[in-house]
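Can you look at this prediction? I've put the sequence above it.
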Amino acid sequence: MRNLRLALFVFLVVGTGFATGFFNRPGGWYAALAKPWFSPPNWIFAPVWSIVYLLVAIAGWRTWERDRNSMAMTLWWAQMALNLLWSPIFFTAHWPAAALAVILSLLAAILAFIARQWADDRIAAGLFIPYAAWVCFASALNLAIVRLN
């Protein structure tokens, strides 16, 4: 049963992430924006997010298995909601400044999850470290786009 729940977490997190990306594509608006020198090529985002979503799913599953009513699980759900909110605000609504507020809130939720899980489940906390690094980078990119445009 544990493996079934793990598979469900992976399916839901990775599937929802891909669906969000599919329905909120960057398109011509994003291509026309002025971007900073450190902006990576567009092809890098899908593989990085695929790995990140897998790590997020495993951390969520581990947290669920330990205590589905814990503060850590609440933080996990909060970061998922913020993560899925960013793309529609940035790419579909074309509101980079509002998206910056969302992504900074996302980063705070990720860091709070890591801090909360560090004592209880260091593996789940560690799985979020690459996620925190990537969202830190994405936040800097979002901020630079706001400033340049």
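Structure received.

Show the contacting residues for Ala57.
By CB atoms under 8 Å, 6 or more residues apart in numbering, the contact list for Ala57 reads Leu6, Phe9, Val10, Leu12, Val13, Val14. From N, CA and C alone the C-beta is placed, and that goes for glycine too.

Out of those, give me the one that has the most neighbours.
Neighbour counts for the contacts of Ala57, by other CB atoms under 10 Å, peak at Val13, which reaches 24 neighbours.

Not counting its neighbours along the chain, what's nearest it?
Excluding its sequence neighbours, the residue lying closest to Val13 (CB to CB, 6 or more residues apart in numbering) is Ala57, at 3.8 Å.

likewise Arg2?
Glu65 (6.5 Å).

Mind listing residues that contact stretch 67-76?
Taking CB under 8 Å, 6+ apart as the rule, stretch 67-76 contacts 59-60, 63-64, 66, 109, 112-113, 116-117, 120-121, 124.

Max pairwise distance over those residues: which two?
Arg66 and Ala109 (18.3 Å; CB to CB).

between these two, which one's more packed in?
Ala109 (22 against 14).

Look up which helix or strand Asn69 falls in, please.
Under DSSP states H and E, no helix or strand contains Asn69.

residue contacts, Trp77?
Per CB under 8 Å, 6+ apart, neighbours of Trp77: none.

Give me the buried positions along stretch 116-135.
For stretch 116-135, burial by neighbour count (16 or more other CB atoms under 10 Å) applies to Arg116, Gln117, Asp121, Ala124, Ala125, Leu127, Phe128, Tyr131, Ala132, Trp134, Val135.

ok, the fourth one to Leu84 distance?
Put plainly, it is Ala124. Per CB to CB, to the nearest Å, Ala124 is found 20 Å from Leu84.

avg pLDDT for the longest helix along the chain?
Counting residues, the longest helix found in the chain (DSSP state H) is helix 96-120. Here helix 96-120 scores 98 as its mean pLDDT.

from the middle of its chain, how far away would whatever helix or strand comes next after that helix be?
Sequence order places helix 122-127 as the next helix or strand after helix 96-120, per DSSP H and E. Distance of helix 122-127 from the chain centroid (CA atoms, centre = their mean, to the nearest Å) equals 16 Å.

C-terminal to helix 122-127, what's the next element?
Per DSSP H and E, the first helix or strand lying C-terminal to helix 122-127 is helix 129-148.
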